[in-house]
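1. Here is a sequence with its predicted model. Questions after.
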Amino acid sequence: MPGSIAEVALTFQFVRASGLAGSLIGWFGGGPGVSHVDIVLKDGRLLGARMDGGVQIREASYLEGCEVLQVKVPCGPAWASIAYSFLAEQVGKPYDFTAIWAFVLGHNWRDPKSWMCSELGAAVLERAGIVNPLVAPDSKITPDALLLLISALVPVEPKFTTVPASAPPPAQP
């Protein structure tokens, strides 16, 4: 429609718990067992914070075999621009290992020096103005809590899909 503001969306990809660390995060989250979240970039790659390398952009194939749930959060172009700029500034920051202990001991999840995946997701929603500043206990921005927050913004049908394995490279003659 001419003259209308184009609507875009930020896509969050939640990963169901796997392995010991993922299972513990899912258990402490108290929800559907989500243990990780990435933001899906426009080119399909994933930006998120992980224990193995901090905040990085990764190929979507790094989650082969994992159960995932993608949720689109509609927003205007200005909000999306702020969100993607903020995310780009976070690349290279370390993983927030203290956030794991924060489930029990408390922690300031807004500290911008390092991030856990769900802290980064909540921070981008706040920074872009998609949500008001969150009134959340220091230790409660788990992946499950972020999914709950997003479900208050948009309908979420919790149908997880499995990321397929990449096709093997063609045989060499």
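-> Received the coordinates, thanks.
2. for Thr162, which residues make a bridge with it?
-> Glu67 (DSSP bridges).
3. Now do it: how many residues are near it, please.
-> Using other CB atoms under 10 Å, Thr162 is surrounded by 12 other residues. The C-beta positions use only the backbone N, C-alpha and C, and glycine is treated the same way.
4. Does it touch Cys66 like I think?
-> Yes - with contacts counted by CB atoms under 8 Å, Thr162 reaches Cys66, the gap being 7.1 Å.
5. Now for this structure, the helix or strand with the poorest mean pLDDT.
-> helix 19-29 (a mean of 60; mean pLDDT, DSSP states H and E).
6. what does the average pLDDT come to for the longest helix along the chain?
-> Of all segments of type helix in the chain, defined using DSSP state H, the longest is helix 77-90. Here helix 77-90 scores 95 as its mean pLDDT.
7. Repeat that for stretch 52-60.
-> Mean predicted lDDT for stretch 52-60 stands at 94.
8. in the longest helix of the chain, what counts as buried?
-> Counting neighbours by 16 or more other CB atoms under 10 Å, one finds that the buried residues in helix 77-90 are Trp79, Ala80, Ile82, Ala83, Tyr84, Phe86, Leu87, Gln90.
9. of all those residues, which comes closest to Leu149?
-> Ala83 (14.9 Å; CB to CB).
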